[in-house]
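S.K.: with the sequence up front, the predicted model follows.
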Amino acid sequence: MSPNAPRADTPDSGPTVKSGLNEELQREVARLAASPEVRSAFNWFRAQEPQLLHWQMEMARIAAPPFGESARGAWLAERFREVGLDDVRIDDVGNVFGTHPGFGRRFVALSAHIDTVFPANTPLNIRQQGNRIYGPGVSDNGAGVVAMLGIAALLRAVRIRHALPFVFIGNVGEEGEGDLRGMRHIFATPRWKDSIAYSLVLDGAGADTIVAEALGSRRFEVIVRGPGGHSWSDFGAPNPIVILAKAIETFAATTVPTMPKTTFNIGVIRGGTSVNSIPESASMKVDIRSTSMNEMERLEQSLRVALNHSVEDETMAAEMRSSAQRRPSGVACEFVVIGNRPAGELHSGARILQIVHAVDSHLSNAAQVQRASTDANVPLSMGREAVAIGGGGSGGGAHTLQEWFDSSGRELGLKRILLTMLALAGVGE
Ligand SMILES: [Zn+2]
């Protein structure tokens, strides 16, 4: 997703994590930014812009639908080698890794998802007009991946000291049905699970947001099946549409808190074949969201209870209605999980958030703390320090064929990422 351009999937933003500026970190960031090597890094970013745009267009021309990211992953692994990262590899699910050495065993991770929402047959007509490029995926996540590559390339061009080592990750499976599978895999792998101290996730363009709260979601398809029958001659048999309708009525009355904001939606309902048939099945799709795992859990329970009651009620009512010689056969109810993203939030004293605030203050950059669903959900749900920010420049039309990216001002985004990483890693003395 693109944190600076909220889409229907992530409609929500609001300053929910507050933290004052930490003066010591503020001085540290100012000291870093004034160092000769960081100043030459800033100049280097400016000079690299044509290369960055070139990479961005080249990458956007390689299709990367959910579960079909391998060609783009191979391209990225090649770029990682080209810019001099160490230990470049692709894991079992297609995540691409490269490291840059430091001191110490724990890493600062810089990641960007390489998948897009676009199906494999989408025409990838990527074109440039001045500072602007157009086409599917140029911003989400062309902007994030290229910012990550820019930082990796910089570390070879300009020698910058840092204590903790860096790991660069182009991960798969962020969008839609990918359901964060790339990040989940990384944080389930012993090698990375315990060694990533901080995760800086780059998603989309911009430099004006900090996603510090992970909006979780659970999605279900609920299917109710019954014996079906003729509306006249089988009258009395249990009706799956009625069962769903009753369950929806009960579930929709569930109260939800405004803090932590929690929502639910019945988005699709289907069932039946004709007006004079008792339906054999009916189904609905339900979406539950919150930044609190407990609230999502509670709502899921409430949905299941509403359904069970409704099945019982309708079964009983059917028995009363039907004649003695024609007893209705049973009703079955199936719950299919079609989406599951963990929720979580950064604790208020989190170092990563204080650092991003200090960097923004140093760069006179106004940014808002937001709540969204990104790759950062995975580390955040595990209580780890993680935020998602943009890769700089500006963009729009995410998830449409009219997507665009404008590289004007990309430097600010790159400076912000670099200073944040250096402050997180500490300076090797
Ligand atoms: Zn994205």
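M.R.: The structure has been received and is ready for your questions.

S.K.: in the stretch 51-200 of the chain, mark out all the helices, start to finish.
M.R.: Using DSSP state H, counting those that start in this stretch, the helices of the stretch 51-200 of the chain run over residues 70-82, 142-157, 181-186, 190-193.

S.K.: export these to JSON lines and append columns for mean pLDDT, distance to the ion and mean neighbour count.
M.R.: C-beta here means a position set from N, CA and C on the backbone, and glycine is covered the same way. Below are the helices of the stretch 51-200 of the chain laid out as JSON lines (pLDDT from 0 to 100; distance: least, Cβ to the ion, whole Å; neighbours: other Cβ atoms under 10 Å):
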{"stretch": "helix 70-82", "mean pLDDT": "98", "distance to the ion": "14", "mean neighbour count": "18"}
{"stretch": "helix 142-157", "mean pLDDT": "97", "distance to the ion": "7", "mean neighbour count": "25"}
{"stretch": "helix 181-186", "mean pLDDT": "98", "distance to the ion": "12", "mean neighbour count": "24"}
{"stretch": "helix 190-193", "mean pLDDT": "94", "distance to the ion": "21", "mean neighbour count": "12"}
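
S.K.: nearest to Val224 among those helices would be which one?
M.R.: helix 181-186 (29.3 Å; Cβ to Cβ).

S.K.: run through the protein and note the low-pLDDT ranges.
M.R.: Counting by pLDDT under 70, the ranges of the chain that qualify are 1-20, 323-329, 428-429.

S.K.: now for the longest helix seen in it, which elements pack on it?
M.R.: Using DSSP state H to define each element, the chain has its longest helix at helix 293-321. Contacts defined by 3 or more Cβ pairs under 8 Å, 6 or more residues apart in numbering; DSSP states H and E place helix 293-321 against strand 216-225, helix 240-252, strand 262-271, strand 281-290, strand 332-341.

S.K.: spatially central residue for this protein, please.
M.R.: For the chain, the residue nearest the mean C-alpha position is Thr374 (2.1 Å; Cα atoms, centre = their mean).

S.K.: now for the helices of the stretch 51-200 of the chain, which one comes closest to Val337?
M.R.: helix 181-186 (13.8 Å).

S.K.: centre of the chain versus that closest one, how much separation?
M.R.: Mean-position distance between helix 181-186 and its chain equals 11 Å (Cα atoms, centre = their mean, to the nearest Å).

S.K.: the helix or strand hosting Phe405 pairs with which strands?
M.R.: In this assignment (DSSP states H and E), Phe405 forms part of strand 404-406. In the sheet, strand 404-406 lines up against strand 132-134 (antiparallel), strand 394-396 (antiparallel) (DSSP bridges).

S.K.: who's in contact with His185?
M.R.: Contacts here follow Cβ atoms under 8 Å, 6 or more residues apart in numbering; on that basis His185 touches Asp91, Asp92, Val93, Asn95.

S.K.: all strands of the stretch 51-200 of the chain, in order?
M.R.: 86-90, 96-100, 107-113, 127-129, 132-134, 166-171, 196-202 (DSSP state E, counting those that start in this stretch).
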